[in-house]
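Chemist: Whatever this is, show me its structure:
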Amino acid sequence: GQVLVADMTDPDWEPIMKKAGAIVTNRGGRTCHAAIIARELGIPAIVGCGDATDNLAVGQEVTVSCAEGDTGNIYEGLLKFERTEQDL
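Modeler: This is a model prediction of the structure:
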């Protein structure tokens, strides 16, 4: 899906956040609005980048990953990935 890139979010952004495949913001932390909503929606979020709106262009293809630990990564292009599920 498309990546929502913004300076920060608030509750007015929720309708579009529900359509996003990932969220990237310039400002925020683990308890910011974007991070909380992303966890609820089950999508990756990278918050507090500082310069995401300057470095990511409209229509640019990127892969947003939060699978490598505490720090999220934004990769150029659409990377292949494998999704696995485990029963708990």
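
Chemist: switch to C-alpha atoms for all contacts and neighbour counts from now on
Modeler: Fine.

Chemist: got a list of contacts for the longest helix anywhere in the chain?
Modeler: Counting residues, the longest helix in the chain under DSSP state H turns out to be helix 33-41. The set of residues external to helix 33-41 that reach it, using C-alpha atoms under 8 Å, 6 or more residues apart in numbering, is 8-11, 14, 17-18, 22-23, 25, 28-30, 44-47.

Chemist: switch to 10 Å and redo it
Modeler: Outside helix 33-41, the residues within contact range by C-alpha atoms under 10 Å, 6 or more residues apart in numbering are 6, 8-11, 13-14, 17-25, 27-31, 42-47.

Chemist: Which of the residues in that helix are classified as buried?
Modeler: His33, Ala34, Ala35, Ile37, Ala38 (16 or more other C-alpha atoms under 10 Å).

Chemist: of all those residues, which comes closest to Val58?
Modeler: Distances from Val58 to the buried residues of helix 33-41, taken as C-alpha to C-alpha, are shortest for Ala34 (19.5 Å).

Chemist: before we move on, the earlier item: now the buried residues of helix 33-41 in JSON lines, with distance to Leu88?
Modeler: Output for these, formatted as JSON lines (distance: C-alpha to C-alpha, whole Å):
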{"residue": "His33", "distance to Leu88": "28"}
{"residue": "Ala34", "distance to Leu88": "27"}
{"residue": "Ala35", "distance to Leu88": "24"}
{"residue": "Ile37", "distance to Leu88": "24"}
{"residue": "Ala38", "distance to Leu88": "22"}
